[in-house]
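# test case, fold it:
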Amino acid sequence: MTQTELLEEELKKNIKGLPGEVLREVLDFVLFLKEKRLTESQYTEIENELKTLDKRELDHLEKEFENYEELYP
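Okay, the predicted model is just below:
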């Protein structure tokens, strides 16, 4: 059995018999952790994509937004 599987089993054993409102709190916390992890991985993915922009793409973007503030105040 892997460490993850052992932890999952331990969680199952320890939540058994808890009142519904406490189970709801546990579920809310688990969902929060999952969302946080997803958000962090999305930012990492975007950051990596931005790092791969080559010089031509960067030049194109700079030209595209040249005088942007003057054109669209």
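# residues touching residue 24, list them.
The contact partners of residue 24, taken as Cβ atoms under 8 Å, 6 or more residues apart in numbering, number zero. (C-beta placed from N, C-alpha, C; glycine too.)
# check which helix or strand it maps to.
Per DSSP states H and E, residue 24 falls inside helix 20-51.
# so which elements touch whichever helix or strand comes after that helix?
Remark: after helix 20-51, the chain's next helix or strand is helix 55-64, criterion DSSP H and E. Using 3 or more Cβ pairs under 8 Å, 6 or more residues apart in numbering; DSSP states H and E as the contact test, no helix or strand touches helix 55-64.
# so helix 55-64 versus helix 20-51, what angle?
Computed by axes from the mean of the first three to the mean of the last three Cα atoms, to 10 degrees, the angle separating helix 55-64 from helix 20-51 equals 100 degrees.
# show me what secondary structure element comes after helix 55-64.
Downstream of helix 55-64 (by DSSP H and E), the next one is helix 68-71.
# run a quick neighbour tally on residue 59.
11 (other Cβ atoms under 10 Å).
# distance-wise, check residue 36 relative to residue 50.
The spacing between residue 36 and residue 50, counted by Cβ to Cβ, to the nearest Å, is 21 Å.
# check residue 38 too.
For residue 38 relative to residue 50 (Cβ to Cβ), the value is 19 Å.
# what does the helix or strand hosting residue 8 contact?
Residue 8 belongs to helix 3-15 when assigned by DSSP H and E. Helix 3-15 is contacted by residues 1, 23, 26 when judged by Cβ under 8 Å, 6+ apart.
# now do that helix and helix 20-51, the angle between them.
Using the same axes, to 10 degrees: helix 3-15 against helix 20-51 is 150 degrees.
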